[in-house]
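**Q** sharing a model that was predicted from the sequence below.
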Amino acid sequence: MMAPKELTHRDWWLGMADLASAGAAATAGRLEQVHLSIADETFNVLARIPVTRPVSQRVRQIHHGISTLSYRSVSAGALAFNMWLARQVSKD
């Protein structure tokens, strides 16, 4: 039977980074949903007003596109970092 590996200071930091990056990816996804839901409340009100309807629809599309790109970029970056960490740990 093989003896368990002794944990080092580096292992602790790798574990913390793994936890933080996985948490950041999950949080970004949830924040995206919340952000778009809140924004939709305002855009729905503007869509009911005939004068603002044409402009608000276009602004909603642009807003949602930029927001989605931003949150998903953060999530993708965190997941990429997490995958890099997994490779660092597997090298040991």
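**A** Here it is on my side, so go on. These numbers were taken from a predicted model, which means no experiment stands behind them. Numbers count the residues shown, from 1 in each chain.
**Q** from here on, just use CA atoms for contacts and neighbour counts.
**A** Will do.
**Q** wait, isn't residue 14 in contact with residue 83?
**A** No: using CA atoms under 8 Å, residue 14 makes no contact with residue 83, being 11.8 Å away.
**Q** and the spatially most central residue of the chain, how far from residue 19?
**A** By CA atoms, centre = their mean, the chain has its centre lying nearest to residue 28, at 2.4 Å. Going from residue 28 to residue 19 by CA to CA, to the nearest Å gives 14 Å.
**Q** residues in contact with residue 14?
**A** By CA atoms under 8 Å, 6 or more residues apart in numbering, residue 14 lies in contact with 85, 89.
**Q** ok, it to residue 5 distance?
**A** 15 Å.
**Q** got the buried residues for stretch 57-76?
**A** 60, 64, 67-68, 71-72, 74-75 (16 or more other CA atoms under 10 Å).
**Q** quick one: contacts of it?
**A** Taking CA under 8 Å, 6+ apart as the rule, stretch 57-76 contacts 24-26, 28-29, 31-32, 36, 40, 43, 47.
**Q** now tabulate those residues in a markdown table and tack on pLDDT.
**A** As requested, the contacts of stretch 57-76 are exported to a markdown table (pLDDT from 0 to 100):
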| residue | pLDDT |
| --- | --- |
| 24 | 96 |
| 25 | 95 |
| 26 | 95 |
| 28 | 97 |
| 29 | 95 |
| 31 | 97 |
| 32 | 98 |
| 36 | 98 |
| 40 | 98 |
| 43 | 97 |
| 47 | 96 |
